[in-house]
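S.K.: Here's a sequence, model it:
(2 chains)
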Amino acid sequence: SQTIHQWPATLVQPVGSPLSLECTVEGTSNPNLYWYRQAAGRGLQLLFYSVGIGQISSEVPQNLSASRPQDRQFILSSKKLLLSDSGFYLCAWSVSANTEAFFGQGTRLTVV
Amino acid sequence: TQLLEQSPQFLSIQEGENLTVYCNSSSVFSSLQWYRQEPGEGPVLLVTVVTGGEVKKLKRLTFQFGDARKDSSLHITAAQPGDTGLYLCAGAPYNTDKLIFGTGTRLQVFP
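M.R.: You can find the predicted model right below:
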């Protein structure tokens, strides 16, 4: 069966520090991978998506970047965090954009 | 920007009432999905509607996909406290690989 792992679950980082959130998928090959950010009680904002190794599409100009160094690994990074980067970050995978998306447990990031 | 707008944003009702949540866009979608999310967790799929005009039922939940495949609705009959949560529509605009989510509807059902 397929599983998705996302870590860490919570993170408190000072302004100006770097960020690395990692997401890995098991039990499937060549998945579509997604990074979303969610404000409290609101919808999910698509940040990045990837349909293959090294292929990253950015949806929103921002202080973040993403990489896919391996087929089932998706990394969200920042060189210098801003206060506005705080939020709930979710990684997801799907077979295609029109099929069910499966989500990790999320990372609650607080920038102080 | 291709958006999925949901209405209402918040809904607070008594147990036993009926409700409808709407999901609208100016873009055409190959399919639309509905998810429910609990606090601190990722969304979980409820249903996918694929054909324009399609109606799907899941116990007390009825989902409809608009004829033009630009909108969808979720109707809950006789709501229960267990229906409380954040409801999200989602889809990939036609001919794209990106899965975008709606603005969300927070439902609270009181006993």
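S.K.: shaky segments in the chain?
M.R.: This is for chain A. A:61 (pLDDT under 70).
S.K.: Correction: the question concerned chain B.
M.R.: Scanning chain B for pLDDT under 70 picks out B:1-2.
S.K.: switch the cut-off to 50
M.R.: For chain B, no stretch has pLDDT under 50.
S.K.: Dig out what the residue sitting nearest the centre point of chain A forms beta bridges with.
M.R.: Central residue of chain A (Cα atoms, centre = their mean): A:Trp35, 3.1 Å from the mean position. Beta-bridge pairing of A:Trp35 under DSSP bridges involves A:Phe48, A:Cys91.
S.K.: Against chain B, how distant is it?
M.R.: Distance, A:Trp35 to chain B, by Cβ to the nearest Cβ, to the nearest Å: 11 Å. Quick note: C-beta positions are derived from backbone N, CA and C, even for glycine.
S.K.: closest point of chain A to chain B, which residue?
M.R.: A:Phe103 (2.6 Å; Cβ to the nearest Cβ).
S.K.: Could you pull up phi and psi at that residue?
M.R.: The phi/psi pair for A:Phe103 (degrees, to the nearest 10) reads phi -110, psi 150.
S.K.: Repeat that for B:Gly104.
M.R.: Given degrees, to the nearest 10, the pair of backbone angles that B:Gly104 has is phi 90, psi 150.
S.K.: Now for it, how many residues are close by?
M.R.: Counted with other Cβ atoms under 10 Å in any protein chain shown, residues neighbouring B:Gly104 total 23.
S.K.: Contact residues of chain B facing chain A?
M.R.: Contact residues (Cβ under 8 Å from any Cβ of the partner chain) of chain B with chain A: B:4, B:6, B:30-31, B:33, B:40-45, B:48, B:86, B:88, B:90-92, B:96-104, B:106.
S.K.: Which ones among these map onto helices?
M.R.: Among the residues of chain B next to chain A, no member is found in helices (DSSP state H).
S.K.: Drop anything exposed from these.
M.R.: Listed as buried from the residues of chain B next to chain A are B:4, B:6, B:31, B:33, B:42-43, B:45, B:48, B:86, B:88, B:90-92, B:96-104, B:106; burial here means 16 or more other Cβ atoms under 10 Å in any protein chain shown.
S.K.: which ones are touching residue 97?
M.R.: Picked chain A for this. Residues in contact with A:Ala97 (Cβ atoms under 8 Å, 6 or more residues apart in numbering or on different chains) are A:Asn32, B:Ala92, B:Thr96, B:Asp97, B:Lys98, B:Leu99.
S.K.: Not quite, go with chain B.
M.R.: Contact partners of B:Asp97, counting by Cβ under 8 Å, 6+ apart, are A:Asn32, A:Tyr49, A:Val51, A:Ser57, A:Ser96, A:Ala97.
S.K.: what's the answer for A:Ser29, then?
M.R.: A:Asp71, A:Arg72.
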